Structure formats: C-alpha cells, structure tokens
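**Q** Structure here, sequence nowhere to be found:
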C-alpha cells in the first residue's frame, strides 16, 4: 500500500472520530438543556379544615402572654372580656376564619416522629388554637417558627403526624390582639345629613348648628335647614364653605393608636377637661368626640404632633394627628355663616317697623290673597308706595351684613336703630343697632349678645332708600 493511500485512510479515520466526538458533545449538551428547562414541581396546597362558620362553637387562642376566647352566638362572635367593645368585623373574621377554613401551602413532612420539634419552633409553639365545634368535636392547631424563606410558618394539627407550611398573613391575622381588632371607624359626617353639630372649644363660645323647620310660603309646607343656633341665634350658613371649614377637617380625623383600652383616670390624657368637644347627629349616626392633651411622636424619623381623643360611645382612648383638630380650633365663624344679619324672605313678612333718632318707618306689605301671585301693595307711614321701588329698598334692608367680629357683650340702653320684621309663618326677627364707634354699629339679633359689627355707611344707605320712597 502506497504512502499516499495510508495518509488518506488516516485522515478519513480522524475525521470520523472528530465527527463522533462532536456528535457526543451535542447530545450531552441537549441532555443538560432538557434538565435545566424542566420546571421544579410546584408545592400543592393541602386543605386541613373545611366547614361552615356556623359549625364552630368556640375558639381559644393561647400564646405565651395571654389567652383570647371567642364564642359564637345568635348575634355573632363575642370576644370574652370585651363584650361591650366595638370590634372591626372584617379583621375579627380574618382572625377566626382558620377555625372553619384552613388551607396549608404545602406539606413539608409526612411524619414528624423522628424530628426534633424544637428546631421547628414547637417547644413551645408561638400560638395554639383550640377549636370546639357544634357536634362536640375538637381540633387543636400549633404554630411554630418561620420557614427558611420567612414567608411561611410551620403548623401542625394535633393528632396528625404531618407538618405543614401556612402563610405569614394567615398567622399574623390569628395573632391580632384586642388593640388591633378595635373598630376605629368614625362615620362620615355631611352638612346635608346633619341634624345637629356642636363644636365646643374650651374658653371660647360654643358653636351650635341645628336643623330648624320653617314654612315655605309658596306651598305652605315645612322646610328644614341647618342653621346656627349659638352663638348667633338663627343665623343662616354659607353651605358652600361648610365642607372646607368644618366638615373637611372633621372627616380627616382618624382613630389611630390605642393609648389605653379602658382608662380609669381620664386626667392622664387631658380628657377630664377636654380642649375640644365635637357632637354630630344625623338620622343614621351619632358621633361624640372629646380631645385632650397633645404630645410628640416620632414617625419615620419625623416628629409629629398627636392628640389624645376619645369617642364617648366607646371606653377607649385613641391617638390622632393634631392637624385636622387644630383646624377646628379658633374657628372664625364668619368663614361659614351667611354674613347677612337677617336675610328674611319678603314672602314671610307682614310688616316692618324701623325706629331711628330722626324718623320712624311703619311698613305694611299687604300681600295678595293668592300666595302664588306674589304681589304686594306696600304702605309706609300710611302712604301707598310703589311695589317695585319698595322691593328695591327691601333689598337694602336685608343686605345689612356682619362685617367684623368683636368680644361678646350684653348691650344696655336703647338702641340707636331698631328693625323689627313682623313675620307671617315664623317668629318675628328683631335687629338692634348700638353705636360702637364713628364707623360701625354693634348688632344684637333677637335680644342676643352683641358679637359683630355692621358698617354705618350701609345702614345710612338703607335709610336713604326708604326716605326716597315718599
């Protein structure tokens, strides 16, 4: 065999061997790839308890420092020792639900007989739950330590040799104590729904708003309106300002931390002599809050001013941020009252008597017998005057406004000017003006104390309009 042939055969064999090696390498890599892409088996959930809430009679939660007992009644769940407490229903059901619906994330051991249970946090367990059912059967759950990923805890059911994993959320719900279960809800308060609102700040006049009933002269039917009763009697309110000035801050108040679940002495929190008291009543809700001392609390590294608050319908002292409460202190009543001194509907006025040092005006309106016509035949000091001119002058009378607030005082002596509205369907309205200084009159409405001033310029303009009627 020639040397050339031998070289060719050697080359062919070498190429065959190289091809075989490459093929083997590709096959091996494909095997590795198949192993890598195959997903690991997902843990299957395990149903441990599945029954109805009504089948559970009693649940007892036992931890190192306390025991909590819940019993099922016709009126729902009762927390023994806290029967009079208002509890958050959703949070309480989350705590109790494992007694009738419990699913484990997975089973981690089928039989724990050979295991050291202390390594799994069961000597002792962090929580034991004893469940009694209406058929007199019982179950006991033991909760142990966190799993290595800290997203689960180990759990065992007494009498079952297996060990399971359950979610942290489930265990944290079962660990909620009475402080966390307290109902912190404050009903939303609305101006349109309010029957009564009292804002009583220590050392300042009480602000009291109530619904009053008046007669609509057009249809002779009662209408109801939220009106200021104190400190200005029967003062109309600027509804468009109520939400911003009063109801906005009111609805921003939240019951957050629990300072004392059942205090014996309210003076420790300044609640024996509250700085502020809020009373709100509607057809559906009754809210009564009192506020005490302020204190500083560090939240996320920032000092926040807090204040103690108590809903008198509950025996607990809570804490709340001071900001919304502060907005209700030192209220400027002129921010939300109607600034008109007496905005009296002409349809409800039978006559007006105005007394001044120079001249008196005795006015009779003489309404048409048909109220839907809304015509009047005004007579002033015995002289008939133009209806249109009188209606223009009347606008000046009712346009007198409260222009400034002053320290309250009881007026004495004879007023310089008096305006008496003799009304048809409602009590008379009496405005008395006392000289305050060269520019203002002090105003007393319906015999009440003086709280505000009106500009004498507007008063004299009103009198000139009346004089021009003759």
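**A** Structure's in. What do you need? As the structure is a prediction and not an experimental result, all values here were calculated from the model.
**Q** drop to CA atoms for contacts and neighbour counts, all remaining ones
**A** OK.
**Q** Where does pLDDT dip in the stretch 351-470 of the chain?
**A** Residue ranges of the stretch 351-470 of the chain with pLDDT under 70: none are present.
**Q** what's the nearest residue to residue 462 if we skip its chain neighbours?
**A** Excluding its sequence neighbours, the residue lying closest to residue 462 (Cα to Cα, 6 or more residues apart in numbering) is residue 396, at 5.1 Å.
**Q** hang on, that neighbour packs against residue 460?
**A** No - at 10.0 Å, residue 396 does not count as touching residue 460 under the criterion of Cα atoms under 8 Å.
**Q** higher neighbour count, the two?
**A** Applying other Cα atoms under 10 Å to residue 396 and residue 460 shows that residue 396 carries more neighbours, namely 18 against 11.
**Q** The more buried one should be in a strand, yeah?
**A** No - going by DSSP: H, G, I helix; E, B strand; the rest coil, the assignment for residue 396 is helix, not a strand.
**Q** Just the buried residues of the top strand by length along the chain, please?
**A** Using DSSP state E, we find that the single longest strand of the chain is strand 286-299. Judged by neighbour count (16 or more other Cα atoms under 10 Å), strand 286-299 contains these buried residues: 286-294.
**Q** try stretch 248-257
**A** 248-250, 253-255.
**Q** Now do that stretch: distance from first to last residue.
**A** 22 Å (Cα to Cα, to the nearest Å).
**Q** repeat for stretch 368-387
**A** First-to-last residue span, stretch 368-387, Cα to Cα: 12 Å.
**Q** and if you look at stretch 261-270?
**A** OK, stretch 261-270 end separation, Cα to Cα: 16 Å.
**Q** quick check, distance from that stretch to the centre of its chain.
**A** Remark: stretch 261-270 is offset 23 Å from the chain centroid, using Cα atoms, centre = their mean, to the nearest Å.
**Q** now swap in stretch 415-425 and tell me
**A** Chain-centre distance of stretch 415-425: 43 Å, with Cα atoms, centre = their mean.
**Q** begin at 504 from here
**A** Noted, 504 is the first residue going forward, which turns the last one into stretch 918-928.
**Q** can you pull the buried residues of that stretch?
**A** Across stretch 918-928, burial judged by 16+ other Cα under 10 Å covers 918, 920-926.
**Q** How about stretch 654-669?
**A** Of all the residues in stretch 654-669, those buried under the rule 16+ other Cα under 10 Å are 655-660, 665-669.
**Q** correct me, but residue 962 touches residue 903?
**A** Yes - judged on Cα under 8 Å, residue 962 makes contact with residue 903 at a distance of 7.0 Å.
**Q** Would you mind splitting this protein into its domains for me?
**A** According to automatic domain parsing, the chain comprises the domains 549-684, 697-838, 849-970.
**Q** between those domains, which gets nearest to residue 690?
**A** Evaluated over those, closeness to residue 690 peaks at domain 697-838, with 6.8 Å, by Cα to Cα.
**Q** what about the closest one, how long is it end to end?
**A** End-to-end for domain 697-838, by Cα to Cα: 19 Å.
**Q** following the lowest-mean-pLDDT helix or strand in the chain, which helix or strand comes up?
**A** Ranked by mean pLDDT, DSSP states H and E, the weakest helix or strand in the chain is helix 506-540, scoring a mean of 57. Once the chain leaves helix 506-540, the next helix or strand it forms, by DSSP states H and E, is strand 549-553.
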